[in-house]
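A.B. asks: Give me a model of this one.
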Amino acid sequence: MKLALGPLLYFWSRDDVLAFYRQVRDWPVDVVYLGEAVCSKRRGVRLEDWLAIADELTAAGKEVVLSTLALIEAESELLTLRRLVDNGRFAVEANDMGAVRLAAGKVPFVAGPHLNAYNCETLGLFRDLGARRWVMPVELSRDTLAAIQACRPAGLETEVFAFGRMPLAFSARCFTARHYNLPKDDCQLRCGDFSDGLVLNSQEGEQFLAMNGIQTQSAATCNLIGVVSELKELDVEVLRLSPQSRHMDKVVGAFRAVIDGTLTPQQGIDALQGLTRGEPCNGYWYGSAGLAWLEQGEVSEARAQSGG
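C.D. replies: Numbering: from 1, shown residues only. Here you go, the predicted structure:
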């Protein structure tokens with residue numbers, strides 16, 4: 001089973017981005033996704049920089065994939081998308097159907113988690129257009145994945161989002177700019193003030209969502225380290241870990257150890273305590289509320305009550 005480092009979803013300074021990926025060269029990850037997947041106004045790291053980072057990571061033995069925007073609204077963004085697809089060296093992660101159309105027949109691509117692939121017919125379409133891997137949408141459950149894996153098209157790998165604040169939705173409105181009463185066109189890149197997103201609380205004072213510019217995320221951090229053995233049994237080839245600003249090396253190390261069998265799943269859970277942004281969650285995996293954290297005993301009891 002491979003480990004993938006997903007695209008950086010937050011707006012960090014150029015120096016911080018370059019320093020982060022210098023560390024990644026030595027981490028036990030097999031696949032690294034690079035590029036801006038949230039907002040085209042974040043231009044601190046340009047395409048030329050991403051390609052230079054990609055070359056360094058490739059030299060370190062990593063598979064590099066260039067990620068595309070999930071929401072394309074302007075001609076300038078479409079031009080950037082075309083440049084990504086025409087890079088000539090690296091596969092791309094298509095996060096909207098426009099990217100799929102441009103990549104089809106031209107470059108191998110990964111069908112990203114924002115394409116709403118919920119059945120094998122859709123996966124068959126993507127495979128026929130040139131996809132070599134698909135990323136399961138974060139809201140799907142273990143049972144849904146099992147059904148899809150049973151009819152998955154040949155030659156298409158499966159990747160599951162296994163760690164990080166879950167990307168839930170995108171909007172034309174910038175929520176971070178709105179927080180500061182700024183118009184989107186003059187946002188002053190205030191999302192850079194929040195290295196892991198701006199957390200919103202419910203009326204009861206509980207962390208609920210995280211705002212990341214135009215992207216809405218979960219405030220809780222998805223953590224599937226405890227079900228790595230189930231993911232293996234379901235023939236999942238790749239686990240995606242989404243970058244966070246602190247302790248990412250320890251997160252990668254813990255997942256690698258559980259995959260390799262040098263840590264038990266419970267030891268992996270224990271190793272990640274205190275390292276996540278917000279509380280951990282795994283509810284979607286069990287078909288429950290996404291922000292829930294279910295222990296194995298609770299899962300067994302719930303399945304018994306449901307007759308499953």
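
A.B. asks: what ranges do the strands span in this protein?
C.D. replies: Applying DSSP state E to the chain gives strands spanning 2-5, 31-34, 63-67, 91-94, 109-111, 131-135, 157-170, 198-201, 207-212, 215-223, 238-241, 280-281.

A.B. asks: Tell me the neighbouring strands of the fifth one, and mark each as parallel or antiparallel.
C.D. replies: Going back to what we said before, that points to strand 109-111. Here strand 109-111 has these sheet partners by DSSP bridges: strand 91-94 (parallel), strand 131-135 (parallel).

A.B. asks: Also the first one?
C.D. replies: The strands that strand 2-5 pairs with in its sheet are strand 31-34 (parallel), strand 238-241 (parallel) (by DSSP bridges).

A.B. asks: got a list of what the closest residue to residue 288 other than its chain neighbours touches?
C.D. replies: Excluding its sequence neighbours, the residue lying closest to residue 288 (Cβ to Cβ, 6 or more residues apart in numbering) is residue 294, at 6.4 Å. (Glycine included, C-beta is placed from N, CA and C.) Taking Cβ atoms under 8 Å, 6 or more residues apart in numbering, we find residue 294 in contact with 282-283, 286, 288, 302.

A.B. asks: Report the beta-bridge partners for residue 241.
C.D. replies: Residues in beta-bridge contact with residue 241 (DSSP bridges): residue 5, residue 163.

A.B. asks: Tally up the residues packed near it, please.
C.D. replies: Using other Cβ atoms under 10 Å, the number of residues around residue 241 comes to 25.

A.B. asks: before we move on, back to that, now mean pLDDT too, for the strands paired with strand 109-111, in a markdown table please.
C.D. replies: Listed next are the strands paired with strand 109-111 as a markdown table, based on pLDDT from 0 to 100:
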| stretch | mean pLDDT |
| --- | --- |
| strand 91-94 | 98 |
| strand 131-135 | 98 |
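
A.B. asks: Let me know which of these is the nearest to residue 177.
C.D. replies: Closest approach to residue 177 among those (Cβ to Cβ): strand 91-94, 26.0 Å.

A.B. asks: Having no further points to raise, I will conclude here.
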